[in-house]
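Asker: Quick one: sequence and predicted model below, then my questions.
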Amino acid sequence: MSVRSQMFPPSPTFTETSLPSLSSRVYIVTGATSGVGLELAKILYSSSATVYIAARTSSRITSAIQSIHSEFPDSIGRLESLSVDLSDLKTIGPAASEFLGKESRLDGLVLNAGVMTPPEGSKTQNGHELQMGTNCLGGYLLMRSLEDMLVSTAKIAHKGTVRVVWLASTLQIGTPKGGIIWDESNTAPKVVSNQMENYMMSKVGNVFLAHETAGRLGREGVVSVSVNPGFMKTELQRHMPGPVSFMMGLVFKGAKFGAYSELFGLLSPDVTSDRNGAFIVPWGRFGCLPEDIKQAVKSKEQGGTGTSEMFVEWCERETRGFRS
């Protein structure tokens, strides 16, 4: 699928007007205090879902909840706060435990939060490159901490409706061949000097995590997809140089369009169990991975490079000590 098709997509066909009542369903959206995550939370809550606003800063969560309440006063849904910092792995287990102590089901986990092109050398609290650590390791650990409830919900929900949504990007721009450059000395993703390249490796990492989760949890009824939300002007570009940020503001769409991309992955009936592991593109369509990424998601036994499996093994090693 071309960059042009993803940069200038057709109008969305699956929007808030497409939704049934979600009054019995429970969702977690990370990074839901602004941008795409906030817009998705609004859509879900407007259809009476229970939505957990998961983010680092309690004051921003409170502000987001107040804003959504005031915009949709007639909703019979619930908005809940969940404090978690995906750049600090030790906060994730307690956040998951807090959620599990309150709820008996989880219909969808949207791993929307992310970091893009921070200053070179930025690291997580655990010493990982900030983008890879936040965008991949944090989301992976949160999903692993909640997967038992995802599986149990899938047993009682309509087939194919319990889902995990991982955030990707337009993979043809700035992505190294094969998706991830490996540091052979420690079998880990290599940190390079180009921060955009580090960012794109983390986005490919989420494609790998979506694919491997689909393979592992698909037999349990959980659907896992990766979503390129599209070209939008959001807080994600806050580290971009001023002139670049200004040009983005002139060309890019508003955050709600990105929410439609995520909404398609989370709730469209077109995303069936047969489409598990799919790659979704703006503003809610099935896309095709670049050929080198297709090879990377295949195991060596399937004639691929096995990079996807290697990446998940790395994520598992790096997060195992933070799971209870």
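Answerer: That came through fine. Residues are numbered from 1 along each chain as shown.
Asker: for this protein, which spans come out with low pLDDT?
Answerer: 1, 234-251 (pLDDT under 70).
Asker: Point me to the residue sitting farthest from the middle of it.
Answerer: For the chain, the residue at maximal distance from the C-alpha centroid (CA atoms, centre = their mean) is S185, at 29.2 Å.
Asker: quick one, phi psi at it?
Answerer: phi -70, psi -30 (degrees, to the nearest 10).
Asker: Against V227, how distant is it?
Answerer: 33 Å (CB to CB, to the nearest Å). All C-beta spots, glycine's among them, are computed from the backbone N, C-alpha and C.
Asker: go on, G306?
Answerer: Distance from G306 to V227, by CB to CB: 24 Å.
Asker: Kindly check the end-to-end length of stretch 120-140 for me.
Answerer: End-to-end span of stretch 120-140 (CA to CA, to the nearest Å): 23 Å.
Asker: which of G306 and V227 has more neighbours?
Answerer: V227 (31 against 16; other CB atoms under 10 Å).
Asker: wait, doesn't that one sit right on V164?
Answerer: No. Using CB atoms under 8 Å, V227 is not in contact with V164, being 10.7 Å away.
Asker: what's near enough to touch S202?
Answerer: Taking CB atoms under 8 Å, 6 or more residues apart in numbering, we find S202 in contact with G114, Q131, M132, T134, N135, C136.
Asker: can you confirm the fifth one is in a strand?
Answerer: No. Remark: N135 does not belong to a strand; assigned using DSSP: H, G, I helix; E, B strand; the rest coil, it is helix.
Asker: What is the burial count for the closest residue to G230 other than its chain neighbours?
Answerer: Distances taken as CB to CB, 6 or more residues apart in numbering place P282 nearest to G230, at 3.2 Å, with adjacent residues excluded. Residues near P282, counting by other CB under 10 Å, number 26.
Asker: what are the phi and psi angles of P282?
Answerer: The phi/psi pair for P282 (degrees, to the nearest 10) is phi -60, psi 150.
Asker: So which residues of the protein form strands?
Answerer: Counting by DSSP state E, the chain has strands at residues 26-30, 50-55, 78-83, 108-111, 163-167, 182-183, 188-189, 223-227, 279-281, 285-286.
Asker: M200 is nearest to which of those?
Answerer: strand 188-189 (11.4 Å; CB to CB).
Asker: Please give me every residue in contact with L111.
Answerer: L111 touches T30, G139, L142, M143, V164, V165, W166, L167, N206, counting by CB under 8 Å, 6+ apart.
Asker: for S299, same thing?
Answerer: Contacts of S299 by CB under 8 Å, 6+ apart are G306, S308, E309.
Asker: repeat that with 10 Å
Answerer: G215, T305, G306, T307, S308, E309, M310 (CB atoms under 10 Å, 6 or more residues apart in numbering).
Asker: Okay, and which of those map to helices?
Answerer: In helices, judged by DSSP state H, the following of the contacts of S299 are found: G215, T307, S308, E309, M310.
Asker: Out of the residues you listed, grab the one that's most surrounded.
Answerer: S308 (26 neighbours).
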